[in-house]
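K.L.:
For reference, the sequence and a predicted model appear below.
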Amino acid sequence: MINVGIIGAGRIGHVHGESISKFVKNARVKTIADPFLNDATIEWAKSLGIEKATKDYKEIINDPDIQAVLICASTDQHSKLSIEALQAGKHVFCEKPIDHDVAKIMEVLDVVKSSGKKYQVGFNRRFDHNFRAIRDAVKAGKVGKQQIIKITSRDPEPPSIDYVKVSGGIFLDMTIHDFDMVRYLSGAEVEEVYAEGSVTVDPEIGKAGDIDTAIITLKLDNGATAVIDNCRAACYGYDQRAEVFGTKGCVAISNDSDSNAVFSGENGVVAEKPMFFFLQRYMMAYAKEIDSFVEAIVNDTPTEVNGNDGLEPVLIGMAAKKSVAEHRPVTIAEIRQEIK
Ligand SMILES: NC(=O)c1ccc[n+]([C@@H]2O[C@H](COP(=O)([O-])OP(=O)(O)OC[C@H]3O[C@@H](n4cnc5c(N)ncnc54)[C@H](O)[C@@H]3O)[C@@H](O)[C@H]2O)c1
């Protein structure tokens, strides 16, 4: 049994606490820490059998009984906390993105190497049964030579403006999952990005310096082209679809719903909406990603989502941001050159 500490008890800290306690066999959450811990979170932790809830994350870092730390704090804390936990001899699972600053990501990756500890980044969609089915079909050669990859990724509602302000922008916060999906589904690397962005959901998002709607096209090093469409709000729920089209066929997934019941009547045919948001749609994917992280620790095998998988989508996100600002295609090579 691996004892886990969770640093950060916001939305995603709650998701991991819940999914580990209910679905992960070989791990238990010993402690959860958040400087803004409130009574509701203390009660929630108790109800899940979590031994300790504290305002001081050092109680996790300094606990010799805790082997692995999940970093679920706000993004600006990820690289600092990753380094601290690794240097204290913990295996680390870090939520996406590792950082907005590539130099800080590189620092983390250096410490991962020197520590010899496991490091996994929270790209949960890789563990979703639907996305994995596409990846498996592509890997088995069923679609032949890849030509077009399409990803639709729309949230049901935007996050708070306070969250938007520290999120690093839509590309590093939201689309980063889709950039990871393009790499995961294709097994290829992105070479060039062209993005168009607009504010169609909430002018406050625009005032905070961000966009809430985007179309991104990506050229891959295997010759395929990928297209991602994003929106921070979709009135019918969490819209998460993808397809890979190639010379031998096309593999596509649709949304998951609470049931597949369809009502047919004289005015038409009505099916269930997609599941509401990430908590509902990806609960089992969150459990499976931690299962996989724990297996890597127990069996001393590489993590399924490594530090480089954390870095590449950040570079793609930076290229997308620059593309919108300068209204032109931007290569990943150009971004790498800039950060040298
Ligand atoms: N993989 C996913 O599907 C997914 C989904 C949501 C969020 N996230 C990522 O998780 C991170 C948190 O997002 P969220 O939506 O939970 O945000 P949130 O604002 O709900 O929660 C963040 C929490 O971190 C706490 N915190 C800040 N500094 C801390 C510190 N030093 N020690 C301990 N706790 C600290 C805050 O008090 C807050 O409670 C972000 O990086 C986000 O990108 C990932």
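P.N.:
Yep, it's here.
K.L.:
residue contacts, the closest residue to the ligand within the stretch 201-340 of the chain?
P.N.:
Closest residue of the stretch 201-340 of the chain to the ligand, C-beta to the nearest ligand atom: Phe278 (4.9 Å). From N, CA and C alone the C-beta is placed, and that goes for glycine too. Residues near Phe278 by C-beta atoms under 8 Å, 6 or more residues apart in numbering: Val15, Asn124, Tyr238.
K.L.:
among those, which are in reach of the ligand?
P.N.:
Asn124 (C-beta under 6 Å from any ligand atom).
K.L.:
Grab the nearest non-local neighbour of Phe276.
P.N.:
Gly237 (5.5 Å; C-beta to C-beta, 6 or more residues apart in numbering).
K.L.:
quick one, phi/psi of the one you found?
P.N.:
Dihedral angles of Gly237 (phi, psi; degrees, to the nearest 10) stand at phi 120, psi -160.
K.L.:
for the one 10 residues further on, same thing?
P.N.:
When quoted as degrees, to the nearest 10, the phi and psi of Thr247 stand at phi -70, psi -20.
K.L.:
One more: the one 10 residues further on?
P.N.:
In this entry, Ser257 is assigned phi and psi values of phi -120, psi 170 (degrees, to the nearest 10).
K.L.:
mind starting the numbering at 24 from now?
P.N.:
Sounds good: first residue 24 from here, last item Ser280.
K.L.:
I figured it hits Glu295, correct?
P.N.:
Yes. Applying C-beta atoms under 8 Å, one finds Ser280 in contact with Glu295, separated by 3.8 Å.
K.L.:
Any part of the one helix or strand Asp332 maps to near the ligand?
P.N.:
Here Asp332, judged by DSSP states H and E, is contained in helix 330-349. No. For helix 330-349, no contact with the ligand is found by C-beta under 6 Å from any ligand atom; the gap never falls below 11.6 Å.
K.L.:
Show me what counts as buried in that helix.
P.N.:
Buried residues in helix 330-349, counted by 16 or more other C-beta atoms under 10 Å: 330, 332-347.
K.L.:
how about JSON lines for the contacts of Phe301, with secondary structure and pLDDT added?
P.N.:
Below are the contacts of Phe301 laid out as JSON lines (DSSP: H, G, I helix; E, B strand; the rest coil; pLDDT from 0 to 100):
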{"residue": "Val38", "secondary structure": "helix", "pLDDT": "96"}
{"residue": "Asn147", "secondary structure": "helix", "pLDDT": "97"}
{"residue": "Tyr261", "secondary structure": "coil", "pLDDT": "97"}
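K.L.:
By neighbours, which of the contacts of Phe301 wins?
P.N.:
Asn147 (28 neighbours; other C-beta atoms under 10 Å).
K.L.:
Around the nearest residue to that one once chain neighbours are set aside, how many other residues sit close by?
P.N.:
Leaving aside its chain neighbours, Asn147 sits nearest to Ala308 (4.6 Å; criterion: C-beta to C-beta, 6+ apart). Ala308 sits with 21 neighbouring residues when counted by other C-beta under 10 Å.
K.L.:
Same check on Ala68?
P.N.:
The burial count for Ala68: 23, using other C-beta under 10 Å.
K.L.:
Tell me the secondary structure at it.
P.N.:
Ala68 carries the three-state label helix when classified by DSSP: H, G, I helix; E, B strand; the rest coil.
K.L.:
Show the pLDDT at Lys363.
P.N.:
In this model, Lys363 is scored at 80, pLDDT.
K.L.:
for the residue nearest to Phe299, what are its contacts?
P.N.:
By C-beta under 8 Å, 6+ apart, the neighbours of Gly260 are Pro179, Asn278, Lys296, Pro297, Met298, Phe299, Phe300.
K.L.:
pretty sure Leu109 is in contact with Ser138, am I right?
P.N.:
Yes. Using C-beta under 8 Å, Leu109 is in contact with Ser138, at 4.4 Å.
K.L.:
Not counting sequence-adjacent ones, nearest residue to Pro181?
P.N.:
Per C-beta to C-beta, 6+ apart, closest to Pro181 is Arg255, 4.0 Å.
K.L.:
Just the element for the closest residue to Lys173 other than its chain neighbours, please.
P.N.:
If the residues on either side of it in the chain are set aside, Lys173 comes closest to Glu266, at 5.0 Å by C-beta to C-beta, 6+ apart. Glu266 is part of strand 262-269, with elements assigned from DSSP H and E.
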